[in-house]
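A.B. asks: Just a sequence and a predicted model for now, questions to come.
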Amino acid sequence: MLGRQSHDNLRLLARIPSMPVFNLKKLPRSQLTTTLVLSASKYIFLVLLLINVRSLPFAWHIRVFLPVLRLRLQYYLLRLRILFKSKELKAKILTDWGEGLCPVGANPFELVTVHHGWTSVDDADYNGHLSNSSYAKALDAARLKLVLKAFPAFARSGGWMALGSTHFHFIREIPFLRSYEIRLSIGAWDHKWMFIIARYVSFTKKKHSNATHKLHVDRSGQQLGTNNDSARPSKTLTTSSDFPRILLSTPAEDLATPATPGDTTEADYNLQAEKTKKEIEALATAQSNIPEPDGAVLHCVAISYICFKHGRITVPPSVILPCEGFSKPPSTASAAPFSSTNPPPHWKKAQALRVAPSGSIPAFAKFLKGGWRDVPEDERWWEDALDGPIEEQRKANLEVLDSVRRGMEGARSIG
């Protein structure tokens with residue numbers, strides 16, 4: 001029986017037509033050349049496509065908005081898990097998720113987010129280094145990570161951030177195929193602008209193999225950043241109507257702060273421009289002399305100026321920061337540091353603006369749009385939340401960072 005089946009199988013195999021075999025020697029020379037060129041061109045095209053995949057249409061958008069997509073996925077998964085719970089319980093769970101995104105108790109100058117990148121073929125210049133334009137391209141994604149981590153409540157209320165300008169100081173090149181990190185932190189703020197400092201760093205092969213990627217943690221034990229993906233939003237989740245809507249606009253429209261008065265002479269402009277150049281170089285030199293805690297090599301320092309907008313209304317950073325949970329440290333050294341489990345005194349007042357039963361997201365948006373001006377001066381709790389050592393450091397940092405902005409605005413009339 002087994003032999004008969006084997007015989008039948010052989011007969012079936014014999015009926016299968018043989019594969020056509022092309023004998024290149026028998027092809028005409030012109031047809032052979034065309035065949036080889038087309039075959040080689042196909043593989044060359046595929047290789048070039050693979051090498052430049054990061055520059056394909058929408059590739060930049062995917063990289064920039066990937067953190068938002070991750071956050072939305074967490075949100076929808078949470079809604080799926082609570083699908084069969086009561087309406088009141090759903091609202092509470094979603095509200096707790098949204099409030100859990102806020103950096104409660106964090107020092108605004110200690111919060112750090114980290115964005116990872118590498119010098120690919122399409123990001124390199126003819127010298128084999130990360131091109132100047134690629135620094136700015138990578139910074140777009142890094143800034144959005146910082147926004148998601150530091151200002152989730154503002155985003156939920158419908159606010160957006162406008163980019164006024166960015167200044168780069170290149171210290172040393174980032175070689176081809178080298179991995180690097182962009183470490184962002186808040187440098188200072190005034191009544192309108194917030195100054196974001198970005199530090200481009202990398203590790204040498206020896207340091208990278210020995211470096212232990214640890215969390216950046218503040219004194220309260222709260223995670224402020226990691227070398228793996230520190231800016232990834234917390235795994236706590238808002239309601240469907242107030243899900244974070246992040247909008248970054250550049251160049252900023254109608255954001256110009258009045259510059260030098262009209263009677264200023266050209267000599268004054270030249271002097272201000274020279275002063276600005278020295279300020280940028282001094283800032284970059286000071287930053288480059290600060291050793292990274294993990295021994296990383298500093299390549300570039302960038303300063304970005306952003307402002308917070310609700311429609312066309314500018315919201316002061318000093319109002320937004322306390323609403324997000326940022327706070328000065330406890331008044332006594334022996335006291336427990338502020339955190340989500342030990343919130344600062346003003347946190348309940350911030351939540352009362354947007355959390356039921358006393359508040360809501362629309363009420364919070366109204367407060368940001370100008371309602372804070374109606375609060376009596378002796379009841380403005382947000383001013384007390386960031387005074388003391390935070391205010392002292394803000395003023396010291398602002399003296400350096402704001403001079404760069406003023407100088408660049410004054411340089412508009414030169415030339």
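C.D. replies: Cool, the structure landed. Quantities reported herein were computed from a predicted structural model and do not represent experimental measurements.

A.B. asks: use CA for all of it now, contacts and neighbours both
C.D. replies: Will do.

A.B. asks: where exactly do the strands run in the stretch 301-415 of the chain?
C.D. replies: Using DSSP state E, counting those that start in this stretch, the strands of the stretch 301-415 of the chain run over 313-315.

A.B. asks: Any idea how many residues pack against Gly128?
C.D. replies: Neighbourhood size, Gly128 [other C-alpha atoms under 10 Å]: 16.

A.B. asks: err, Gly295, not the other one
C.D. replies: There are 14 residues near Gly295, going by other C-alpha under 10 Å.

A.B. asks: tell me which element it falls in.
C.D. replies: Using DSSP states H and E, Gly295 sits within no helix or strand.

A.B. asks: Per-residue pLDDT of it, please?
C.D. replies: What the model reports for Gly295 is a pLDDT of 85.

A.B. asks: Using PDB, list the CA coordinates for stretch 343-356.
C.D. replies: C-alpha atoms of stretch 343-356 as PDB (Å, rounded to 0.1, in the frame of the first residue of the first chain):
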ATOM      1  CA  PRO A 343       1.100  67.000  47.700                       C
ATOM      2  CA  PRO A 344       2.100  70.600  48.400                       C
ATOM      3  CA  PRO A 345      -0.500  72.900  50.200                       C
ATOM      4  CA  HIS A 346      -1.700  74.600  47.000                       C
ATOM      5  CA  TRP A 347      -2.500  71.400  45.100                       C
ATOM      6  CA  LYS A 348      -6.100  71.100  46.500                       C
ATOM      7  CA  LYS A 349      -6.800  74.600  45.300                       C
ATOM      8  CA  ALA A 350      -5.400  73.800  41.800                       C
ATOM      9  CA  GLN A 351      -7.500  70.700  41.600                       C
ATOM     10  CA  ALA A 352     -10.600  72.600  42.800                       C
ATOM     11  CA  LEU A 353     -10.500  74.600  39.500                       C
ATOM     12  CA  ARG A 354     -10.900  71.500  37.200                       C
ATOM     13  CA  VAL A 355     -12.100  68.600  39.300                       C
ATOM     14  CA  ALA A 356     -15.700  68.000  40.200                       C
END
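
A.B. asks: what mean pLDDT does that stretch have?
C.D. replies: 94.

A.B. asks: which residues sit against that stretch?
C.D. replies: 95, 104-105, 322-325, 327, 338, 358-364, 367, 381-382, 385 (C-alpha atoms under 8 Å, 6 or more residues apart in numbering).

A.B. asks: Tell me which stretches of the stretch 1-150 of the chain form helices.
C.D. replies: Secondary structure of the stretch 1-150 of the chain, counting by DSSP state H, counting those that start in this stretch: helices at 2-15, 29-51, 59-81, 87-100, 132-150.

A.B. asks: Compare the ones you listed and give me the one nearest Tyr180.
C.D. replies: helix 132-150 (10.6 Å; C-alpha to C-alpha).

A.B. asks: Give me the angle between the closest one and helix 59-81.
C.D. replies: 20 degrees (axes from the mean of the first three to the mean of the last three C-alpha atoms, to 10 degrees).

A.B. asks: What is helix 132-150 packed up against?
C.D. replies: Helices and strands touching helix 132-150, by 3 or more C-alpha pairs under 8 Å, 6 or more residues apart in numbering; DSSP states H and E, are helix 59-81, strand 112-118, strand 179-189.

A.B. asks: Quick check: what element follows the last one along the chain?
C.D. replies: Translated: strand 179-189. Assigned by DSSP H and E, the successor of strand 179-189 is strand 194-202.

A.B. asks: what residues are up against the nearest residue to Ser202 once chain neighbours are set aside?
C.D. replies: Spatial nearest neighbour of Ser202, excluding adjacent residues (C-alpha to C-alpha, 6 or more residues apart in numbering): Tyr180 at 4.4 Å. By C-alpha under 8 Å, 6+ apart, the residues touching Tyr180 are His116, Gly117, Trp118, Ile174, Tyr200, Val201, Ser202, Phe203.

A.B. asks: Now the third one: closest residue in space that isn't a chain neighbour?
C.D. replies: With C-alpha to C-alpha, 6+ apart as the measure, Ser179 is the residue that lies nearest to Trp118, at 4.1 Å, once sequence neighbours are left out.

A.B. asks: could you list every residue that touches that neighbour?
C.D. replies: Contact analysis of Ser179 by C-alpha under 8 Å, 6+ apart lists His116, Gly117, Trp118, Thr119, Ser202, Phe203.

A.B. asks: Let's see if you can find the most crowded of those.
C.D. replies: Ser202 leads the contacts of Ser179 on contacts (other C-alpha under 10 Å) with 23 neighbours.

A.B. asks: what's in contact with stretch 363-372?
C.D. replies: Taking C-alpha under 8 Å, 6+ apart as the rule, stretch 363-372 contacts Ser157, Gly158, His310, Ile313, Thr314, Val315, Val319, Ile320, Leu353, Arg354.

A.B. asks: since we're on the residue lying closest to the fifth one once chain neighbours are set aside, how many residues are nearby?
C.D. replies: Just to be clear, that refers to Thr314. Nearest-residue entry for Thr314: Phe308, 5.7 Å, with adjacent residues in sequence omitted and distances by C-alpha to C-alpha, 6+ apart. Per other C-alpha under 10 Å, the neighbour tally for Phe308 reads 24.

A.B. asks: now Leu38
C.D. replies: 11.

A.B. asks: Can you tell me which of the helices of the stretch 1-150 of the chain is most buried?
C.D. replies: Each of those was scored by mean neighbour count; the highest is helix 132-150, a mean of 20, by mean count of other C-alpha atoms under 10 Å.

A.B. asks: Of the contacts of Tyr180, just say which sits nearest to Ala91.
C.D. replies: Once C-alpha to C-alpha is applied, the member of the contacts of Tyr180 that ends up nearest Ala91 is His116, at 35.4 Å.

A.B. asks: ok, the closest residue in space to the closest one that isn't next to it in sequence - contacts?
C.D. replies: Leaving out its chain neighbours, the residue that sits closest to His116 by C-alpha to C-alpha, 6+ apart is Glu181, at 4.7 Å. Residues counted as contacts of Glu181 (C-alpha under 8 Å, 6+ apart) are Val114, His115, His116, Gly117, Arg199, Tyr200, Val201, Ser202, Asn227.

A.B. asks: from those residues, which is closest to Tyr135?
C.D. replies: So of those, ranked by how close each gets to Tyr135 (C-alpha to C-alpha), first place is Tyr200, at 8.6 Å.
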